[in-house]
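Visitor: sequence? don't have it. structure:
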């Protein structure tokens with residue numbers, strides 16, 4: 001697993017394994033001696049709405065003909081273990097557990113069958129949303145863009161994105177439980193579609209959409225997004 005972390009006040013990158021700890025620059029570090037950072041520094045976060053069949057059915061909405069895209073700013077990024085800040089202007093902040101793609105090298109107009117060449121790996125993502133403001137505004141920018149509304153991590157891993165279990169827990173209770181096989185638009189299709197719209201830079205993140213079971217967070221809650229083969233992203237709500 002590729003990770004970024006703070007060690008003695010310095011940001012570093014390395015590899016984590018449960019057997020050996022963190023290896024960085026030939027040095028072996030204990031996980032308890034570092035503070036995890038977001039595993040990459042994206043120039044943009046491209047998010048996909050309504051991309052699970054069962055989520056569309058849950059909302060009684062037709063399946064989209066093309067991916068529905070929106071952006072989150074880099075200022076919304078939150079590291080693993082960080083606190084999601086409940087904005088004073090919102091009365092309903094929701095979790096949305098998601099699989100995220102991390103782009104490995106600059107690309108544009110990528111054919112679906114070549115998408116894997118441009119993917120560094122995958123990570124866990126929580127598309128935190130001020131649901132009441134989303135409904136009020138009629139569009140998604142404000143509701144999705146508050147500082148701390150883009151937690152992701154803990155690291156970047158190569159997995160099969162077409163068949164991975166994805167689960168969200170709030171205070172230890174499972175609230176989302178699905179599999180990426182239920183995605184409407186696959187990872188290669190998303191990379192093709194998005195790269196036809198915009199150039200993707202190394203480190204950019206694509207959040208692939210959330211499964212059914214989205215719901216509200218309360219101040220003091222603990223929220224976890226776990227994806228098979230990657231690990232668990234943990235955050236609290238302040």
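Guide: Nice, I can see it. Source: prediction; values computed, not measured.
Visitor: Residue 66 versus residue 51, what's the distance?
Guide: According to CB to CB, to the nearest Å, residue 51 and residue 66 sit 11 Å apart. The way it works is simple: take the backbone N, C-alpha and C, and place the C-beta from them, glycine included.
Visitor: in the sheet, who's paired with the nearest residue in space to residue 12 that is not next to it in sequence?
Guide: In space, residue 12 comes closest to residue 24 once its chain neighbours are excluded; the distance is 5.1 Å by CB to CB, 6 or more residues apart in numbering. Counting by DSSP bridges, residue 24 forms beta bridges with residue 27.
Visitor: give the contact list for residue 24.
Guide: Residue 24 makes contact with 5, 7, 12-15, according to CB atoms under 8 Å, 6 or more residues apart in numbering.
Visitor: Which one of those sits in the busiest neighbourhood?
Guide: The most neighbours of any of the contacts of residue 24, using other CB atoms under 10 Å, belong to residue 5, which has 24 neighbours.
Visitor: which SSE is it in?
Guide: Using DSSP states H and E, residue 5 sits in strand 2-7.
Visitor: tell me the domain ranges of this protein?
Guide: Structural domains assigned to the chain are 1-37, 38-237, following automatic domain parsing.
Visitor: How far off centre is the last one?
Guide: To tie it back to what came earlier, the one meant is domain 38-237. How far domain 38-237 lies from its chain's middle: 4 Å, per CA atoms, centre = their mean, to the nearest Å.
Visitor: Next, the distance between the ends of that domain.
Guide: Domain 38-237 has an end-to-end distance of 17 Å (CA to CA, to the nearest Å).
Visitor: of residue 51 and residue 66, who's got more company?
Guide: Taking other CB under 10 Å, residue 51 and residue 66 do not tie; residue 51 has more neighbours (27 against 8).
Visitor: my guess is the more buried one meets residue 211, correct?
Guide: No: the criterion here is CB atoms under 8 Å, and residue 51 misses it with residue 211 at 9.1 Å.
Visitor: re the thing from before, for the strand holding residue 5, packing partners?
Guide: strand 10-17, strand 21-24, strand 35-37, strand 150-157 (3 or more CB pairs under 8 Å, 6 or more residues apart in numbering; DSSP states H and E).
Visitor: Looking at these, which one is packed in the most?
Guide: Of all these, strand 150-157 has the most neighbours on average by mean count of other CB atoms under 10 Å, namely a mean of 26.
Visitor: Could you pull up the residues touching the residue nearest to residue 220 when sequence neighbours are not counted?
Guide: Of all residues not flanking residue 220 in the chain, residue 237 sits nearest, at 6.4 Å (CB to CB, 6+ apart). Going by CB under 8 Å, 6+ apart, residue 237 touches 83-84, 86, 93, 217-223.
Visitor: try 10 Å
Guide: Shown in contact with residue 237 (CB atoms under 10 Å, 6 or more residues apart in numbering): 83-86, 93, 95, 128, 148, 170, 217-223.
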